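**Q** Would you be able to build a 3D model of this:
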Amino acid sequence: MNNSILQTENLTKSYPLNGVEVQALRGVNVSIESGEFVAIVGPSGCGKSTLLSIAGGLMKPSSGHILLNGQDLTQLPEQESARLRRDHIGFVFQSFDLLADLTAAENVEFPMVLANRPESERRSWVQELLKRVGLADKADHLPDELSGGQKQRVAIARSLANRPNIILADEPTGIWTASLPLKSWISCPASTATMRSLWSWSPMPRTTQPAPIAESRCVMDRSKSKQEQL
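**A** Residues are numbered from 1 along each chain as shown. From the prediction side, this is the model:
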């Protein structure tokens, strides 16, 4: 039985730069299964962020297909694609992308507002998520009142708001507090898959699936997650 939550088929992405066509992605095939933890590792500029953006339907590929729970995002109208992203994918952006006029709690709550979830459900879940990332006492703070690491944790909490099937995280632990273990930051259902990018000068030694992304190669390291069931 195919347990894949997210699949890419022969993804390519190219764009013109100073009269030259640059290949950001070249024939990428990825399959992410339920409960799997996948890291994309490679040097800056090898296509990690581009792959995550395209896999999540935020950017169109030059060619290829993206299947989310069996539905091809490249063939769907934008409104339907946006609904699938909202309900099934959690994003952690490298630059956090918090809404400046909303508090930490309101930023975490916002995806649930878009999904029309009841207010009572939203408020209790927001409190729980902020507690899990160690920011229960910062719920009413605006992003400008938070440190970089605290903004990153708000972004992680927000990615879990709608209990997604998969989390796409772009260098999600780049500014974390060493005294706060990662396992205390993220606790999501064991069926949730996680795909994240990591910066590295050279490929990790333990890899199972090299990915031909660009001339600067990225590699994928994957394992089954042992996450706490909520």
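**Q** Check what pLDDT the residue nearest the centre of the chain gets.
**A** By C-alpha atoms, centre = their mean, the mean C-alpha position of the chain lies nearest to residue 168, the distance being 1.6 Å. As predicted, residue 168 sits at a pLDDT of 91.
**Q** pretty sure it contacts residue 94?
**A** No - the pair residue 168 / residue 94 is not scored as a contact, 11.2 Å apart, by C-beta atoms under 8 Å. C-betas here are computed from N, CA, C, even on glycine.
**Q** quick revisit: from what I can see, the residue nearest to the centre of the chain looks like it's in a strand, true?
**A** Yes - counting by DSSP: H, G, I helix; E, B strand; the rest coil, residue 168 is part of a strand.
**Q** So what sits opposite it in the bridge?
**A** Counting by DSSP bridges, residue 168 is bridged to residue 91, residue 195.
**Q** what's the distance between it and residue 115?
**A** From residue 168 across to residue 115, the span is 18 Å (C-beta to C-beta, to the nearest Å).
**Q** got it, and residue 160?
**A** Counting by C-beta to C-beta - residue 160 and residue 115 are separated by 13 Å.
**Q** Tell me which of the two has more neighbours.
**A** In terms of neighbours (other C-beta atoms under 10 Å), residue 160 is the more surrounded of residue 160 and residue 115; the figures are 25 against 13.
**Q** Between the two ends of stretch 51-70, how far is it?
**A** 18 Å (C-alpha to C-alpha, to the nearest Å).
**Q** Just the buried positions in that stretch, please.
**A** 51-58, 61, 64, 66-68 (16 or more other C-beta atoms under 10 Å).
**Q** Now intersect those residues with the strands, please.
**A** 64, 66, 67, 68 (DSSP state E).
**Q** The residue nearest to the first one when sequence neighbours are not counted: which element?
**A** Of all residues beyond its chain neighbours, the one nearest residue 64 is residue 11 (3.7 Å), with distances taken as C-beta to C-beta, 6 or more residues apart in numbering. Taking DSSP states H and E as the definition, one finds residue 11 inside strand 4-17.
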